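*Asks:* heads up, no residue letters with this:
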Ligand code: SF4
Ligand code: SF4
Ligand code: FES
């Protein structure tokens, strides 16, 4: 069977889509199809790859709108998944494109530096003793040490698409959680302060990064763990943390959200006052009435049990 690859091309400011056809062979990966095109049909086509074994992260591209590792993804599986023999190949989203499928990682590496991305060893370690830790302590961050910097999570991040200036890339939060959970690091607070400043509470919690990570690393879960750590380390004097706390308090106490107080609790009277025009609009359309008594949900005991069970489950998973 022939498979048509429609590839998004970009060369020196000119953009276009170009169609190529490859004959599907069993076990052929997207990367092998790209290499065949480059070697036999069009040497001008550009893309990046290195290990061809899903460990260097260099080959990630978007296929039919979803980030994939080209060296891992079989063409036959994509043909089955999308029920078509035409695939659209694009560079990763939320990156600057250099040429064709090649994206610019330099700004991303610069952003990693914001979280001081190396272990600061505790004073008890030395050159002679090294930085030892128990297998139990290693297991606390092992999962997050497996990031291969492929960029798939960035490509799918809705917050990054809206605005990258006030939010780090999902893999940076993975790296930060690895450092914060590492028992050898003397100052998890430093990494935490950096992630709070760099947008920790601005995540949309859409889970796209987690769904697309080819290594199953759960960047959205890392973000939640970092948020929890900011409470444990008393780094919670910010709008995001106060907002989360206000929601938690409302739900535990009454089982409903008191929208008219939520903003005051999160941002304080002054900032909430600046939002008065929006509050008036909500009142006008009947979405909010500050004179209404905040009712207690009749199911409050069930809701409290759910909150308690969720807390116990989270503790057990630690
Ligand atoms: S959960 Fe947060 S970090 Fe992940 S893709 Fe959505 S907005 Fe981005
Ligand atoms: S977190 Fe996953 S998707 Fe993101 S760069 Fe690391 S390996 Fe790739
Ligand atoms: S070429 Fe290294 S991960 Fe695909």
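*Replies:* On my side now, so go ahead. Please read all numbers here as calculations on a predicted model, not as lab measurements. Numbers count the residues shown, from 1 in each chain. Ligands and ions are numbered 1, 2, ... in the order given.

*Asks:* And the helix or strand of the chain with the lowest mean pLDDT, what does it pack against?
*Replies:* Lowest on mean pLDDT, DSSP states H and E among the helices and strands of the chain sits helix 259-274, with a mean of 77. Under the contact definition 3 or more Cβ pairs under 8 Å, 6 or more residues apart in numbering; DSSP states H and E, helix 259-274 sits against helix 239-254, helix 276-284. From N, CA and C alone the C-beta is placed, and that goes for glycine too.

*Asks:* Go again with 7 Å.
*Replies:* helix 239-254 (3 or more Cβ pairs under 7 Å, 6 or more residues apart in numbering; DSSP states H and E).

*Asks:* and the helix it packs on, anywhere near ligand 1?
*Replies:* No - using Cβ under 6 Å from any ligand atom, helix 239-254 stays clear of ligand 1, coming no nearer than 12.5 Å.

*Asks:* tell me which residues in that helix are buried?
*Replies:* Of all the residues in helix 239-254, those buried under the rule 16 or more other Cβ atoms under 10 Å are 240-244, 246, 250-251.

*Asks:* Ligand 2 contacts on the stretch 51-200 of the chain?
*Replies:* By Cβ under 6 Å from any ligand atom, the residues of the stretch 51-200 of the chain that approach ligand 2 are 57, 147-153, 170-171, 174.

*Asks:* let's go with 5 Å and repeat that
*Replies:* Near ligand 2, the residues belonging to the stretch 51-200 of the chain are 147-148, 150, 152-153, 171, 174 when assessed by Cβ under 5 Å from any ligand atom.

*Asks:* which stretches of the stretch 1-150 of the chain form helices?
*Replies:* Per DSSP state H, counting those that start in this stretch, the stretch 1-150 of the chain carries helices over the ranges 30-40, 75-82, 106-112, 135-139.

*Asks:* Turn those helices into CSV, including mean pLDDT.
*Replies:* CSV is the format used below for the helices of the stretch 1-150 of the chain (pLDDT from 0 to 100):
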stretch, mean pLDDT
helix 30-40, 98
helix 75-82, 97
helix 106-112, 93
helix 135-139, 95
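
*Asks:* hmm, who's touching stretch 219-239?
*Replies:* The set of residues external to stretch 219-239 that reach it, using Cβ atoms under 7 Å, 6 or more residues apart in numbering, is 144, 153, 170-171, 173-174, 176-177, 180, 188-189, 192-193, 195-196, 200-201, 203, 205, 207, 209-210, 213, 241, 244, 266-267.

*Asks:* cool, and stretch 84-94?
*Replies:* 1-8, 60-64, 67, 78-79, 97, 101, 103, 151, 154-155, 157, 160-161, 164.

*Asks:* And the residue nearest the centre of the chain, how far from ligand 1?
*Replies:* Closest to where the C-alpha atoms of the chain average out (Cα atoms, centre = their mean) is residue 170, at 3.1 Å. Taking Cβ to the nearest ligand atom, to the nearest Å as the measure, residue 170 falls 4 Å from ligand 1.
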